[in-house]
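Peer 1: Would you be able to build a 3D model of this:
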Amino acid sequence: MPVEQCQESSAGEEHSQVLPDGYGDSGNPLDDPSNSNPLAEYVGPGDRYYRNYHPNLTGRPCDSLGNFLPAGHPAEPLTNMRPDDWSPYSSRLEFELADFLFTRSQMSAANINELLNLWNASLLSTGGQPIFRDSGEMYKTIDSTPLGDVQWEKFSTSYTGERPTENVPPWMNDTYDIWFRSPKEYESATDSRQWEDFMSGDWAWKQADTISHDMATHGSTFVPIILGSDKTTVSVATGQNDYYPLYLSIGNIRNKVCRAHRNGVILIAFLAIPHSESSGHLFHSSLAYILHDLMPGTTEPIVMWFGDGHYRCVIFGLGPYIADYEEQVLLACIVRGWCVKCLAMRQALDTDALYRSHEHAEALIEEFDLKNLRDEYGIIGDIIPFTSGFPHADIYELIAPDILHQIIKGTFKDHLVEWVESYLKAMHGTAKANAILNDIDRRIAAVAPFTGLCRFPEGCHFKQWTGNDSKALMKVYLPAIEGHVPVEIVRTFRALLEFTYLIHRNVITEETLVTIEDAINRFHKHREIFHESGTVQTFSLPRQHAMKHYPDLIHLFRAPNGLCTSITESKHIDAVKDPYRRTNRNKPLGQMLIINQRLDKLAASRRDFSRRGMLEGSCLTATMQLFSTRETKRARTVTELAAELNLQHLPTILEEFLLQQLDTYDNCDSDLPEWPTYGNKITVVNAAAALFYAPSDISGIGGMQREYIRSCHSWQNGAPRYDRAFVNTDSGLKGMYGLDIVRILAFFSFVSQSKRYPCAVVRWFDRVGDKPDTDTGMWIVCPAFTAQRCPSIGIIHVDTLYRTAHLIPLYATRPVSRNLKPHHSYDSFTAFYINKFIDHHAFSLLSDSY
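Peer 2: Here you go, the predicted structure:
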C-alpha cells in the first residue's frame with residue numbers, strides 16, 4: 001500500500017471540489033483511466049473523508065524479479081498445498097495437540113510426557129495409534145515447520161574506547177553476547193495489507209518525497225521500521241534476571257492492530273548491556289549490527305512477497321523508536337535531565353527552544369569539546385548514534401512519544417499525585433494531612449463498581465505501582481480530591497486528564513489538536529499553585545516537559561496511541577516473562593529463544609491452516625506431570641568411585657556403613673571374623689528426590705513438594721554442583737537439634753546379600769554454637785574435620801536425607817573477589833549461615849529450633 005494522508009471534506013461541499021487537481025467528476029485521475037493506483041479516494045461512511053496517496057511510491061505489484069505487473073493481474077496462490085495437507089503434522093489432531101500443549105497450556109516437557117503416556121496407553125488398549133511418543137518427538141515436529149523459520153543468530157561485542165589507568169570497571173573488559181533475528185528476513189512473512197494510521201503522518205510523506213527523488217524507487221512500497229526496547233526484570237527477588245528485548249513493528253500496520261496485540265510487534269533481539277552510564281557505545285553498536293541487513297533495502301528496492309500473494313518492491317526506512325525516558329537519553333546520546341527533542345536548557349525546560357537535529361549536533365561536536373557539549377547542550381559527543389549509517393534518519397526526530405511513562409506514570413502518578421500529598425502536608429501539617437489523605441483513600445475505595453474498573457479497596461497508598469494501577473487511578477482520582485484541595489489543583493488534574501484522553505484517540509483531527517494545545521496551556525497555568533505554595537521548586541521535569549511536543553509529534557507520526565511503551569511492555573509477557581517461567585532457570589536465555597522460535601512456527605502454521613479453511617470447528621483438550629535423571633559417565637565400581645572422589649579409604653567407610661545398616665556394628669569387636677560382603681559393582685546417579693509437606697510453597701494439591709538433591713561434576717554442561725542437604729540424625733528433637741548439614745559428594749547404590757542399598761557419600765558440617773545467631777536469627781555451620789584434621793566423610797542411607805539446604809557464607813568484613821563464581825563460594829569460605837529465608841518450608845523448619 002502507498003503512503004497516504006487523510007483529510008476531511010467540508011459540509012455541503014461538492015465532492016469533486018476537495019480532490020486534488022487533475023481529477024474529474026468521477027473522482028478518478030484523468031491520466032489513469034484504469035484507476036489501478038488512485039491518487040485519492042473516499043474512505044469511511046458518508047464520503048466525509050478522502051485519502052491522498054503518494055504519486056510515486058504506489059506499492060504496485062510485481063513478479064519475483066521486480067518487473068511490474070499490469071493492473072488487475074491475479075496474485076500467485078498463497079500456497080500450492082492441498083487443503084488436507086497438514087505437513088509437517090500428520091493430522092489436524094496432531095497440530096491442535098501440539099499448539100494446545102506448547103502455546104496455550106505451556107505445559108512442561110515432563111508433564112507432556114506424562115500426559116502422552118496416559119493418552120497413548122488408552123489409545124493402544126483400544127487399538128488406536130499414539131499421537132506423539134513423547135515431548136521430544138513433538139518438539140522435533142514443531143521445529144521442522146518451514147513457516148516462521150527465522151533463525152536466531154549471535155554476535156559478541158565489547159568496549160573498545162579509552163580505559164582508565166587504574167580501577168578499570170569490569171564491564172570494560174567483558175564480552176557481551178547479543179542474540180538477534182534478521183529484521184529483513186522476518187519482514188517477508190508480514191501481512192503488509194494492514195496499513196493505515198502511521199502512514200498518514202507528515203514524516204512518512206516527507207520520507208516518501210525524499211526517496212522518490214530516485215526514479216528507480218517509483219512504484220515501490222515504503223516500509224518504515226518501528227523499533228522499541230525496554231529493560232525488564234523477570235525475578236524481582238534476585239534482581240539479577242534482567243533482559244533487554246528489542247522489538248520491531250512496521251508503520252504500515254494500523255494502530256488498532258498493534259494495540260490489540262495481534263502479532264503486530266515481534267521480538268527480534270535480546271541486547272546484553274552492562275549496568276553503566278557509559279554503556280551507550282555498546283548499545284548503539286549492537287543496534288547498528290542487528291539492523292545491518294536492512295541497509296541495502298534503504299537505498300535500492302528489494303523484492304518481497306506480501307500476504308496478499310503479490311510480490312512488491314520494498315524500500316525500508318528507519319522510523320520512530322519507542323522507549324521510556326531513560327532509554328531515550330541513551331538513544332539520543334543526551335545527558336540525563338535534558339530534553340531529547342529540543343535544545344531547552346535543563347534548568348528551564350519549558351522555555352521555547354529549537355528542535356534538535358542530527359546536522360546541528362554534528363556541527364556542535366566539531367566546534368566544542370566534550371565538556372562544553374555536555375554542559376551547554378546536554379550532548380554526549382563521543383558516541384555515534386546507530387542511525388548515523390542510515391539515509392534520511394535523524395535520531396532526535398525519531399524519538400516517539402510515550403504516553404505511559406511520560407503522562408500516566410510520570411506526570412500523573414509520580415508528579416501530581418505526589419505533589420498533592422506534599423501540598424496537604426505543607427498547608428495543614430502532617431497529622432491533618434494524613435487525615436485528609438485517609439479520607440481521599442476512603443473515597444476512592446467507595447467508588448461504585450463498573451465493568452473493567454480496577455478496585456482500590458485500601459485507596460491509593462500502596463508501594464508497588466503498575467501502569468494499569470496508574471491508569472485505573474486516573475479514572476477516580478479527580479472526584480476524590482475535590483473539596484480537599486484548592487480549585488486550581490482540581491483544574492490542573494482536569495487539564496491533564498483531558499490531555500491524556502485526547503491524545504489516546506485513534507483518529508485525531510485538526511480540531512482535536514487545537515483542544516490538545518488548549519489543555520496543555522491550561523495545565524501549565526493551573527499547576528503554578530504547586531510552585532507558589534512551595535510544594536515544587538521547579539517544573540523542569542523531562543517527562544512533564546514532553547507534553548508540549550505532542551502536537552508536533554502528532555503531526556509527524558499521527559495518533560500516538562500506537563507508539564506507546566505500553567505495547568512493548570505487554571509484549572514482555574509473551575516474549576520474555578512467560579518463556580522465562582518455562583525454563584529451568586539455568587542459562588535461561590537459550591531456552592527462551594527456542595521457546596519463541598517454536599511459538600512463531602506454531603502461530604505461522606495456524607495462520608496457514610486457517611487461510612486454507614482447515615481449522616473450522618473444534619478439536620481437543622488435555623492435562624498433567626513427572627521428571628527423571630540418569631547418569632552415564634560416572635564410576636561403575638567402588639574402586640573407580642574412590643579414585644573419582646580422591647577418597648582412598650572409601651571401601652572402609654562403605655564397610656562401616658554396611659555394618660550399621662545390618663545393625664551389627666555396635667555388637668562387634670575388632671576380632672570379628674567376617675565383615676559383610678558386597679559386590680564391587682555400583683550404580684552412580686546424579687540426583688535423589690525428596691518429598692515433603694510444604695503447603696506454603698508451590699506444591700501439589702495435597703501440599704506435598706518434590707525436590708531434587710543433586711550431585712554431579714557438571715550441571716547443565718557447566719560448573720559442578722554438589723548440593724547441601726539436611727540429614728535426620730535424631731527424629732526425637734525439633735528443628736536443627738535433630739538435623740545436621742552435609743555436602744553430597746555422590747549418590748550411588750550397591751547390592752549386598754541380595755539387597756540393594758541406595759546411599760550417598762557426604763561431607764559433614766558442624767554446628768557453631770547451640771542456637772542461632774543473635775543478629776540474623778540463622779544457624780551457623782562450618783565443615784567438620786576428624787581428629788587428624790582431615791575432612792569428615794561418611795556414607796548415609798538416602799532415606800535419612802530430608803531436603804536440600806541453602807548455605808550463605810559469613811562474609812564479615814572480608815572483601816569478595818569479582819572473580820568469585822557461585823559454585824566457588826562453598827569452597828572459599830569456612831563458615832556459613834543456613835538460609836532460613838530461602839523458602840517458607842525452610843523458615844518453618846528452622847524456626848522450630850527456638
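Peer 1: Please verify my assumption that Tyr550 contacts Pro560.
Peer 2: Yes. Using C-beta atoms under 8 Å, Tyr550 is in contact with Pro560, at 6.9 Å. Heads up, the C-betas are built off the backbone N, CA and C, glycines and all.
Peer 1: show me what contacts Cys759?
Peer 2: Phe657, Phe747, Phe748, Ser749, Phe750, Ile795, Ile796, His797, Val798 (C-beta atoms under 8 Å, 6 or more residues apart in numbering).
Peer 1: wait, Arg92 sits on Trp86?
Peer 2: Yes. Counting by C-beta under 8 Å, Trp86 is a contact partner of Arg92 at 6.1 Å.
Peer 1: just to revisit the earlier point, give the PyMOL command for selecting the buried subset of the contacts of Cys759.
Peer 2: In PyMOL, a selection of the buried entries from the contacts of Cys759 looks like this (16 or more other C-beta atoms under 10 Å):
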select buried, resi 657+747+748+750+795+796+798
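Peer 1: With distance to Leu330 added, can I get the contacts of Cys759 in CSV?
Peer 2: Putting these into CSV (distance: C-beta to C-beta, whole Å) gives the following:
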residue, distance to Leu330
Phe657, 61
Phe747, 49
Phe748, 54
Ser749, 56
Phe750, 60
Ile795, 57
Ile796, 55
His797, 58
Val798, 53
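Peer 1: Looking at the contacts of Cys759, spot the one nearest Ile595.
Peer 2: Phe747 (30.8 Å; C-beta to C-beta).
Peer 1: so what does the helix or strand that that closest one is a member of touch, helix or strand wise?
Peer 2: Taking DSSP states H and E as the definition, Phe747 sits inside strand 739-752. The contact analysis (3 or more C-beta pairs under 8 Å, 6 or more residues apart in numbering; DSSP states H and E) places strand 739-752 against helix 638-645, strand 683-685, strand 704-712, strand 721-722, strand 724-728, strand 755-767, strand 793-797.
Peer 1: what's the angle from the first one to strand 793-797?
Peer 2: Orientation check (axes from the mean of the first three to the mean of the last three C-alpha atoms, to 10 degrees): helix 638-645 against strand 793-797 gives 130 degrees.
Peer 1: contacting residues around the very next helix or strand once past helix 638-645?
Peer 2: Helices and strands here follow DSSP H and E; after helix 638-645, the next one along the chain is helix 650-661. Helix 650-661 has contacts (C-beta under 8 Å, 6+ apart) with 638-639, 641-642, 647, 665, 668, 675-676, 678, 750, 752, 757, 759, 761, 793-797.
Peer 1: any weak-confidence spans in the stretch 401-550 of the chain?
Peer 2: The model of the stretch 401-550 of the chain has pLDDT under 70 over residues 446-467.
Peer 1: Go again with 90.
Peer 2: The stretch 401-550 of the chain contains residues with pLDDT under 90 at 404, 435-484, 490, 493-494, 497-498, 500-513, 515.
Peer 1: about what we covered before: of the contacts of Cys759, which is the nearest to Gln406?
Peer 2: Using C-beta to C-beta, these come closest to Gln406 at Phe747, 56.4 Å.
Peer 1: Quick check: that closest one touching Tyr757?
Peer 2: No. When contacts are counted by C-beta under 8 Å, Phe747 is not listed as touching Tyr757 (11.8 Å).
Peer 1: related to what we said a few turns ago, show me which of the contacts of helix 650-661 are buried.
Peer 2: Applying 16+ other C-beta under 10 Å to the contacts of helix 650-661, the neighbour count classes 638, 641-642, 647, 678, 750, 757, 759, 761, 793-796 as buried.
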